[in-house]
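**Q** sequence and computational prediction follow.
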Amino acid sequence: MNERIRAREIRVIGPEGEQLGVMTVRDALQKAQEAALDLVEVAPTSQPPVCRIMDFGKYKYELSKKSRGSHHKGGDLKGMRFSPKIGEHDFQTKVKHVHEFLKEGNKVRVSVWFRGREMAYPQRGHLLLQRVTEMVADVAAVERPPLFEGRNMIMILTPKK
């Protein structure tokens, strides 16, 4: 950037994206100062190196804004908890929510929560999770099959691309 550019000649791009041609670094710096902007090297490996006249502070701010917004999008892990004795309507409602989470691009952790003597019937939890998988098969793939973790049977669904 600015005085740190070491090449003798550089190809210069103006603030509006127009080609200003090949010139010395001194001439390019003078043009940048006239426009009250910075001279930034954007392609140092090309012959001759390419530099652009731009507001470097604004450019860095825009980059940080883009990266802040992109790393968060669509990577959340949502959770939905079922009971082995869940009623049919409650089951349908929860599956609808799971479907919506998957459509938004989120992974979903589906768990069946066993209490007391319900632990004696793990096949009920398996059947429940199998039904969930079948109902969201159009938008989801099973990332992790049902496994016990303490009193919970947990399965992770991931959205299909």
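**A** All right, it came through fine. Numbering: from 1, shown residues only.
**Q** what's the single longest strand in the protein?
**A** strand 140-149 (DSSP state E).
**Q** and it, what's buried?
**A** 140, 142, 146 (16 or more other CB atoms under 10 Å). Any C-beta I mention is one placed from the backbone N, CA and C, and that applies to glycine too.
**Q** pairing partners for that strand, with directions?
**A** Sheet pairing for strand 140-149, assigned by DSSP bridges, gives strand 152-159 (antiparallel).
**Q** thinking again about what came up before, distance from the longest strand of the chain to the middle of the chain?
**A** Chain-centre distance of strand 140-149: 22 Å, with CA atoms, centre = their mean, to the nearest Å.
**Q** that older thread, and which of the buried residues of strand 140-149 is nearest residue 6?
**A** Checking these against residue 6 by CB to CB gives residue 140 as the nearest, at 53.5 Å.
**Q** give the bridge partners for that closest one, please.
**A** For residue 140, the beta-bridge partners are residue 159 (DSSP bridges).
**Q** stretch 5-16 - what's its average pLDDT?
**A** Stretch 5-16 shows a mean pLDDT of 86.
**Q** so residue 80 touches residue 112, yeah?
**A** No. Using CB atoms under 8 Å, residue 80 makes no contact with residue 112, being 10.1 Å away.
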